[in-house]
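# Pasting the sequence and the predicted coordinates here, then a few questions.
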Amino acid sequence: MSVLLKASRLCQRYTTGKKLFGKPSTVTAVDGIDLEIRAGEIVGVVGESGSGKSTLGRMLLGIEAPTDGEVLWQGALMPMPATPKWRALRRDMQLIFQDPLAALDRRMTIADQIAEPLEIHRLMPREQIGARVMELMEKVGLRADQADRYPLELSGGQRQRVVIARALAMSPKFLVCDEPVSALDVSIQAQVVNLLYDLQQDEDLTMVFISHDLKVVRNLCDRVVVMYLGRIVEEGSAEEIFARPLHPYTQALVSSVPQAGTGMTNRIVLQGEPPNPAARPSGCAFHPRCRFADAACKAKVPSLMRDNGRLAACLKLRTLPFQDEKQLTHA
Amino acid sequence: MSLVSIRDLKVSFDGVQVLHGIDLEIGEGEAVGLVGESGCGKSVTWLAALGLLPLKAAVSGSAKFAGQELVNAPRTTLETVRGGRIAMIFQDPSSSLNPVQRVGKQLIESIRLHRGLKGAAARVEAIRLMDLVGIPSASTRIDLYPHEFSGGQCQRIMIAMALAGEPDLLIADEPTTALDATIQAQILDLLARIREETGMAMVFISHDLGAVSAVCDRAAVMYAGRVVEQNGIRGLFESPRHPYTVGLFQAIPQLDGPRQRLVPIYGTVPDPRHLPTGCSFSPRCTSASDFCTSVQPGLVRQDDGCDLACFNPAAHAVVPAYGHSVKTTEYVR
Amino acid sequence: MLNHILIRLVRAFLTLMLVMTFAFLVLRLSGDPAIILLGPDAPQDAINAFRERWGLNDPLWKQYLAYIAQVLTLDFGVSMRDQVPALELVMSRIPATLAITVPALILKVAIGIPAGVYAALHRQSIADRGVITLSIFGFTVPSFVLGLILVLIFAVTLGWLPSGGQDSWRHAILPIATLSVGGIGIMARFSRSAMIEVLGQPYIRTAMAKGLSWRDVVWKHALPNAAVPIVTLLGFMVGSLIAGAAVVESIFSWPGVGRLIVTSVANRDLAVVQSLLLVIACSMIVANFLVDLAYGLLDPRLRSKRAAH
């Protein structure tokens, strides 16, 4: 598969608290990420709040310019936001995020909202737009009689379908979904996840799926990237990462998922606070919460290393006690 | 005798009925899960029992705590039960604490109210409670404001505040939903530990079946303002009977095993203003008959101790235990 | 914190400069003070002499620089009409204005806030509807209409109170009443919505679930939170203590700052108008600063945000 998008040494730093005198303080949200996304794959990005996963998503889309590093889209450098070249690229890449109501205009019918990008980009003659809207609505599972409804008259799942239809209107190549199903109930969540999967297959989409829900990521994505405080700590196929997580953080994350019908046994419960980008620990950012950390972890930042075909950023990788599958997933 | 006994509890807002007669028993020291999707009435049940709903809500039926009626009880009765006998924690810990008051002051307020401790003694007790729920360096952080704590720590403080009244029952309303995965695990751990130490009963309201199974002895599944199934955790998870329960289990993606297509429940939750006739789940149910669409099934005790409101339930163990459902199809790639 | 105060001082200074520049330009471009003060029939010699004396023949930029230099040495000029130092003239009028605006402010707070809070706590009740209706009446009826109605009723028809002047405390009653009605309405409306907003917050539910009495929930948890938005409005009202009574002072011939504004603008008495604007701008800036301090006291979140800067 060809590489559609390539990010190298991607960094994002935000300046907070400007002072009249003295240095402004900066918060590093994303800290040196290398990532290749191949055409036609679904890449899952998982991590807790503060891990920088949404910031990474926006930089991959070019909505936010990185402080450092670069994003190559089909081999060419991503243009700066709001330039004409950048605008032309918008057709190819779309973003879907958690709250569909915030993404929709409450005073416009859903058919008008789906038609809007087609009208703006003048992709087709006016008289064909109506038919295209109907086609899109059918594709995402909305009924034709819902065309004249307003967002507030729809359920959460239906609203997310509208957002998806609008994103698909221009036949994009690349879709970033930032927690698209987190606000939905379980039974509806499954509907939308299946829809995204089917669309990805039918439309030949490449997708980045950002989520804190490991179970959804496990069943939707080909490849998974685990982030902690702005860095990738582990990367691998969904199959491998969830069956045999290597990094101590991934292990804890996988183990923290409550499994129905199993009780509280055999869980790795991480102590300490969730990562705070404003107070980043030295060395390996995970070391204060890590069961295996020692003085070396406090001093040295581990880089993403390949070992036995797996990628992980941990100094203790070779000496870690082997985690067998049963213990971690309590199957 | 049971600690809480709810009988035919009904609630309506501006004439729209959202709770259609709930029956529920909570025994002393028991942990009961209340499961269902948003709008099913799982939180409303307890807010109604404690008189915490807005004035426009009309509540009828009965909710007895240790024999004492709570529904439409005088304010003073409710105020002695709240916090002292039944404590409650909520979904969004950061906004559930008063933002302009130090956490210590909020804790001490509960301690003084229910235990009569004052001054230095109350402060010592507040620090002890903060220690108990795992707030590091409690003696110095007691004078901080809620925004100076993370979401997980705010939930710990909420739990400490709930414990201040030494309640017989803790109602935890989606206590981990707003928290990150590793922090969720911490809070579940804490709740299980505290229950072990104090022996208090707990009602755990959640849409997360995994979390419910981790901390509860028994669970009730709710749909559109009714309890549709109730059973011990083991029975419920190994052999769910109501088609909605079955669907709910199948809809949860698996973390282990092969990559699978998810199994949704088709359709959406009905609008409480326009409930379907008969069983509310019938329009989404794959095993519904004509009878189901005209008659509302009641919650009936089965031979195996399971309570069930369904005319066409799944047969015992025909639906295999959660985790190995037959309907899943592997992605072919 | 020191940084914060420093930034505010710089900003206040810039605001004042902007106000002074604006006043200078508008006044110079809107008519010749010589003709307005001396009358259109005045002899050309007198007009020329007047212009010479006040520097009105210099080019505009020269006048402006001279004026700024003057202001920076804290010299605010002399009234062209009364020949007294302009700032002194303005200052001498302030006590009279405060004599009616301060009691009015006290009424706004003492009646408006409790009425709004009571309405919020008893939503949909008759009292609530009454408060809403009265407050709408209060802030929709313009003060010149209300003032005249009050004069008609209490001075002309009933003869209980004087219709104008400043001889005794009885003269102040009608101006104070006219001034306070609108503010009471706004305050009640604002307090009501602030309180309703707070009562819907999760921490109020927490306070109730704790077993606190309703009284304690309101006094200890709801009111301290509702105070934050109310203080914003209060700050605005404090800021207009000096300048906010122009209409009422004119109606009741009350010799305060407001009337001075009206007459000095009409006379193009440049130095006086400029001094007035400076004093008014200063009072606004001080009020804003006080609001800021109050926010810090009321809301710890803002306090730590500031400390971080």
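Looks like it came in fine.
# quick one: contacts of stretch C:267-275?
Here stretch C:267-275 makes contact (Cβ atoms under 8 Å, 6 or more residues apart in numbering or on different chains) with C:20, C:23-24, C:27-28, C:30-33, C:36-37, C:54, C:67, C:71, C:76-81, C:86-87, C:89-90, C:260-261, C:263-265. In short, each C-beta sits where N, CA and C put it, glycine included.
# filter those residues to the buried ones?
Listed as buried from the contacts of stretch C:267-275 are C:20, C:23-24, C:27-28, C:33, C:36-37, C:54, C:67, C:71, C:76-81, C:86-87, C:89-90, C:260-261, C:264-265; burial here means 16 or more other Cβ atoms under 10 Å in any protein chain shown.
# so the residue nearest the centre of chain A bridges to which residues?
Closest residue to the average C-alpha location of chain A: residue A:210 at 2.0 Å, with Cα atoms, centre = their mean. For residue A:210, the residues forming beta bridges with it (DSSP bridges) are residue A:45, residue A:178.
# contacting residues around it?
Counting by Cβ under 8 Å, 6+ apart, residue A:210 makes contact with A:44, A:45, A:46, A:53, A:54, A:56, A:57, A:176, A:177, A:178, A:179.
# And the residue of chain C closest to chain B?
Residue of chain C nearest chain B, by Cβ to the nearest Cβ: residue C:211 (3.2 Å).
# separation between residue B:271 and residue A:185?
Counting by Cβ to Cβ, to the nearest Å, the gap from residue B:271 to residue A:185 is 14 Å.
# Ok, residue C:207 next?
Using Cβ to Cβ, we find residue C:207 at a distance of 30 Å from residue A:185.
# For the stretch 201-331 of chain A, give the residue positioned nearest to chain C.
Closest residue of the stretch 201-331 of chain A to chain C, Cβ to the nearest Cβ: residue A:278 (9.4 Å).
# again with the stretch 101-250 of chain B
For the stretch 101-250 of chain B and chain C, the shortest gap (Cβ to the nearest Cβ) falls at residue B:145, measuring 4.2 Å.
# That residue: what's its closest spatial neighbour, skipping adjacent residues?
Once flanking residues are discounted, residue B:145 sits nearest to residue C:300: 4.2 Å by Cβ to Cβ, 6 or more residues apart in numbering or on different chains.
# was I right about that neighbour contacting residue B:99?
Yes. Residue C:300 is within contact range of residue B:99, at 7.4 Å (criterion: Cβ atoms under 8 Å).
# Need the overlap of contacts for the two.
Common neighbours of residue C:300 and residue B:99 are listed as B:145, B:147 (criterion: Cβ under 8 Å, 6+ apart).
# I'd like the distance from the lengthiest helix in chain A to the chain centre, please.
When chain A is parsed with DSSP state H, its longest helix is helix A:186-203. Centroid separation for helix A:186-203 versus its chain: 16 Å, with Cα atoms, centre = their mean, to the nearest Å.
# per-residue pLDDT, whichever residue of the stretch 101-250 of chain B sits closest to chain A?
Going by Cβ to the nearest Cβ, chain A is nearest to residue B:210 of the stretch 101-250 of chain B, at 3.2 Å. Confidence at residue B:210, expressed as pLDDT, is 85.
# Also residue A:266?
Note for residue A:266: predicted pLDDT of 67.
# show me where the chain has strands.
Since you didn't name a chain, this refers to chain A. A:3-16, A:25-38, A:42-46, A:68-73, A:76-77, A:93-97, A:174-178, A:206-211, A:223-228, A:231-237, A:305-307, A:310-312 (DSSP state E).
# other chain: chain B
Using DSSP E, the strands of chain B run over B:4-13, B:16-26, B:31-35, B:57-65, B:68-69, B:86-89, B:169-173, B:201-206, B:218-223, B:226-232, B:300-301, B:307-308.
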